[in-house]
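**Q** Build me a model from this:
(2 chains)
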Amino acid sequence: MLTILVVGPVPAVVFGDESPAGFISGLAQRLAKTGQLEGTFEQTRYISVLSIPLRSSGTFTYQRGEGIVWRTLEPVASVVRISPDQGVVVVDDRNNPQPVPASELVGVIFLGVFSGDFSRLNDYFRVEHEQGVTAREGDHWELRLTPLRKQLAEHLRSIAIAGTQLVESITLLEPNGDRTEIVFETTESGEKFH
Amino acid sequence: MGAMSAPVMHRYLVGLWLLGLLIGGLYCGERILRGEVFQSNILGLIPERDEGGQSVYSGVTKNFEKRFVVMLSHPDPHQGSALAVALKEKLAQQDLVDMNGASESLLGELRDFFKPYRHQLLAVETRQRLLAQNPQDLAASVVTGLYSPVSGFRLYPFADDPFNLGGAWFQEVFPEAVRFRGTEIPSLRAEGRIWYLIDGQVRGSPFDLASQQALSTVLDDFPSQSGTQMGDADLLFSGVIFHATEAARLARSEISTVGSGSLLGILLLVIAVFRSRRALAAIAFTLLSSVLMALTISLLVFDRVHLVTLAFGTTLLGLAVDYCFHFLIKYRVHGDALVAGRLIRKGLLISAGSSIAAYLVQLVSPFPGLQQLAVFLVAGLVGACSAVLVLTLCFRELPSASLSPWLIFFSTRVEPAYLRLGARRLQLCCSLAAVLALLAGYLYWLGSSDDIRHLNSSSQSLLDSERKVQTLLGGIDPQRYWVVAGQDQQQVLERTEKVVAAIDDDRAPTARLAVAVTAMVPSLAAQRGDHALVASRLYGSDGAVTVMCVMLQSDCSQWQSLPGDVLDELEPSGVPATVAARFLPAALTTENRSIVLLRQGALPAQRKLESMAELPGVTYVDQVQVLSETLKSFRIEVTMLLAAFLGVFSLACIFFYGRRGSVVLVSVLASMFVSLALSAAGGVTLFHVLALLLVLGLTVDAAVFYLELGLNGETWLASTLASATSILAFGLLALSDVPLLHHFGSVVFFGLLAAWLITPLMFQLARGGTVPASLGLKS
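**A** From the prediction side, this is the model:
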């Protein structure tokens, strides 16, 4: 159901509670304060049947309450808009929104991560903090999202979200070994909006 | 009851009757305790018709009627999910309920089965695109999707199906499935809320009380067991079983209300008029005999008794007690049961006979419910009549209060009023003729109403809930469909494709109405056509795959062997039963027949319906229309029967009573016109006409006693008491929320009221200012 998933850059935080649950809870609280984000991304897809990886790049904007606009600029231009009201739509050349069938989950994940509403992600994934390095030390951290249900697991083995001060990369692993890596660079972020 | 002083023969007869009652009581008790005696399916009242493929109708109906859907929403999705899980677990614990499990295994089975055929099964939209677009555009579309963050639903991995033919095909077959979120309990978002889907089937008929109990016990208790969490939750219900449960509850409640109301009314009247425990015992004996006889015979004749029959049958209490009133009043006047019995016997037999004849007419009606009702009422009247005859053999009462106050009321108030009216004979006759003419005109203007939907007794909230679920889930209309017949399966499939094309050809892919097996398994000709299209447009040497590989800078050796040869073996009969069961048109397809269903809420234009009627082997079935037409034809049939019965009855009246018979006839006709005009504001239905048979019987009852016993205080009092109890019973029935019972109740209520007022007046008018002995009137 899910072929590619991207998650926007988010500020990493310093947390008092180092337990996995406490880390995730603290991260979610921090993300919930994010009002707007802008940046660029580079996406690389590794598909086993293709000789070379597919690389694309573009920009994204996020605004709380309104959603995300994801613009792929190279090599093929496209615009995807994800909003709480309309779900996931592809905006065509004439600026008409075309709903994407079976994209409810993608919308939930996008908006869940950007808005810090992990409760919605918990409907689909087991969200775990990869132990090793902690945010308190200001070093690398990583979250792993594993599908709860077989139906989703048949399409997506896991999602890894990694970062330091900001989320720096997202990796999606499919059951057949295909994977998608997205690297972010945030150019502007803020807690207030409008 | 004084049986000891009666002759030996009388004692034997009384003993025999009591033994019969005991046996009847034991039989009924045993059947009721064994269960499955009552049914509540409103369609059980309507005959089955062999039109438009009855077996298909049964298949569609049975498939739909067992399904149920509960949708739950909570402002907090987490709580909503937890509540939905808890509710599903509770329902799954019920023996008579099967909950639909997760769809993973089904999806896996479907994916595996159809994978070899993925290049010969195309969605309509895909087919149109392949025909309309060039290879460059087709390839660009795929490449754009690969670079886009979202690309929608895929049934097979990119490596196996780069153009996602399988995903598009699946979405066309199961458009609702892809709307659901893959949460523990499937859910979907609509109007800003998340709705959790809890669905399943009942194992038995939804009209079985046990099935209803299994579901309603959980749903009724769930809000209280879930505590405060349920406070903000909304529940929606969809399924025949919820309507059946509501109808059964309504019927039970009305049986209780009408039965209690009738009994209470009878009790109060007996206490007020007779002031005697023995009189009360005689009434109770008559009622018991009547009800036991009715139930015993009904259970002997029919497997199950409909709850509507029982609800309507409770009015029998009002009828059965009439005969006993006549007997008790004559007993009070003459002080001897045998004498009283002799006096009322002829009137009793004529009265009961005419009522029974009126009910027996219903036996020729093809309505199972009405046949049952006729048997129930005829048996009950026979029971009541026999009980009164038994009473004439054994009843003895201690000296008790006189009926004088009531008789004096007649002579001082009622009789003078009728005399005064009788003095204006000409004016009254003219007025009556004018009123009857006006009522006839009014009835003509009202016309008839045969829409089966008017018999639906479901509450507005349940109907709203049903509509909302249909909106959320995009359901299929089980009432309107096409039956497509053919000599073999391929002919059936090809004809089915023509019907689908005729319905949907000018519609956008998202607005298609038809749901047919060919969406899942097209005809072999169509499969070959689609395979050829895929082979040339996508995988040919200059097809889209070549262009795509250039764009992706890959050699694409993986796809060089695609699409392979067409597989000439996929037919509906080969689809695994578990998969076909989830797609109704596939489940109902046979070697020689398929059905084309429509999505809820829309109908093709009339011209399309007409054009499709010309296609070979195609029959359009509109169950609402078929059932409404059935009602209409039976209304006409019963009206003709009633007219014929009236004709025979008129001849019998004149033959047996001469000129006096015309008084009975005018009373009957006036009562029938008045009752129909006052109760059929929405148009005359079959059930209004059937109720006229009761009015006829009851009016004749009253008139025959006046004929036989004379217009005097005693007869008037007995007639008044009899009318009062029946008016009470039918008046309560007129307040029923079950349309059928309401129609019956209101017609009989107004009919009785009119008969009670009009019949003595007719006798008064007939005799003029004097008291002719020929009319049997006593002053």
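**Q** mind saving the C-alpha coords of the host helix or strand of A:Thr180 as PDB?
**A** For A:Thr180, the host element (DSSP states H and E) is strand A:179-190. As requested, the backbone C-alpha atoms of strand A:179-190 are provided in PDB (Å, rounded to 0.1, in the frame of the first residue of the first chain):
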ATOM      1  CA  ARG A 179      14.600   0.800  -0.100                       C
ATOM      2  CA  THR A 180      14.100   4.500  -0.200                       C
ATOM      3  CA  GLU A 181      16.400   7.000   1.500                       C
ATOM      4  CA  ILE A 182      15.500  10.600   2.000                       C
ATOM      5  CA  VAL A 183      17.900  13.200   3.200                       C
ATOM      6  CA  PHE A 184      16.600  16.600   4.500                       C
ATOM      7  CA  GLU A 185      18.000  20.000   4.900                       C
ATOM      8  CA  THR A 186      15.800  22.400   6.700                       C
ATOM      9  CA  THR A 187      16.200  26.000   5.600                       C
ATOM     10  CA  GLU A 188      13.600  27.600   7.900                       C
ATOM     11  CA  SER A 189      11.600  26.400  10.900                       C
ATOM     12  CA  GLY A 190       9.600  28.100  13.600                       C
END
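**Q** Report the distance from that strand to the chain centre.
**A** How far strand A:179-190 lies from its chain's middle: 9 Å, per Cα atoms, centre = their mean, to the nearest Å.
**Q** What of stretch B:262-279?
**A** For stretch B:262-279, the distance to the chain centre is 36 Å (Cα atoms, centre = their mean).
**Q** List the buried residues of it.
**A** Of all the residues in stretch B:262-279, those buried under the rule 16 or more other Cβ atoms under 10 Å in any protein chain shown are B:Ser262, B:Leu263, B:Gly265, B:Ile266, B:Leu269, B:Val270, B:Val273, B:Phe274, B:Ser276, B:Arg278, B:Ala279. Where C-beta positions appear, they are placed from N, C-alpha and C, glycine not excepted.
**Q** same check, this time on stretch B:385-400
**A** Buried residues in stretch B:385-400, counted by 16+ other Cβ under 10 Å: B:Cys385, B:Ser386, B:Ala387, B:Val388, B:Leu389, B:Val390, B:Leu391, B:Thr392, B:Leu393, B:Cys394, B:Phe395, B:Glu397.
**Q** Name the nearest of these relative to chain A.
**A** Looking at those and their distance to chain A, the nearest is B:Ala387, at 68.2 Å (Cβ to the nearest Cβ).
**Q** Any chance of the buried residues of stretch B:262-279 in TSV with pLDDT and distance to chain A as columns?
**A** Putting these into TSV (pLDDT from 0 to 100; distance: Cβ to the nearest Cβ, whole Å) gives the following:
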residue	pLDDT	distance to chain A
B:Ser262	77	56
B:Leu263	79	57
B:Gly265	82	60
B:Ile266	78	62
B:Leu269	82	66
B:Val270	81	67
B:Val273	83	72
B:Phe274	83	72
B:Ser276	84	74
B:Arg278	88	74
B:Ala279	88	72
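**Q** what's the most distant pair in those residues?
**A** B:Ser262 and B:Arg278 (21.1 Å; Cβ to Cβ).
**Q** thinking again about what came up before, the strand holding A:Thr180 close to chain B?
**A** No - Strand A:179-190 is not in contact with chain B by Cβ under 8 Å from any Cβ of the partner chain; minimum separation 8.6 Å.
**Q** same for that strand, what does it pack against?
**A** In terms of contacts (3 or more Cβ pairs under 8 Å, 6 or more residues apart in numbering or on different chains; DSSP states H and E), strand A:179-190 is packed against strand A:36-46, strand A:167-173.
**Q** Give me the sheet partners of that strand and which way each runs.
**A** Strands that pair with strand A:179-190, judged by DSSP bridges, come out as strand A:36-46 (antiparallel), strand A:167-173 (antiparallel).
**Q** Mind checking which of the buried residues of stretch B:262-279 land in helices?
**A** With helices defined by DSSP state H, the entries of the buried residues of stretch B:262-279 inside them are B:Ser262, B:Leu263, B:Gly265, B:Ile266, B:Leu269, B:Val270, B:Val273, B:Arg278, B:Ala279.
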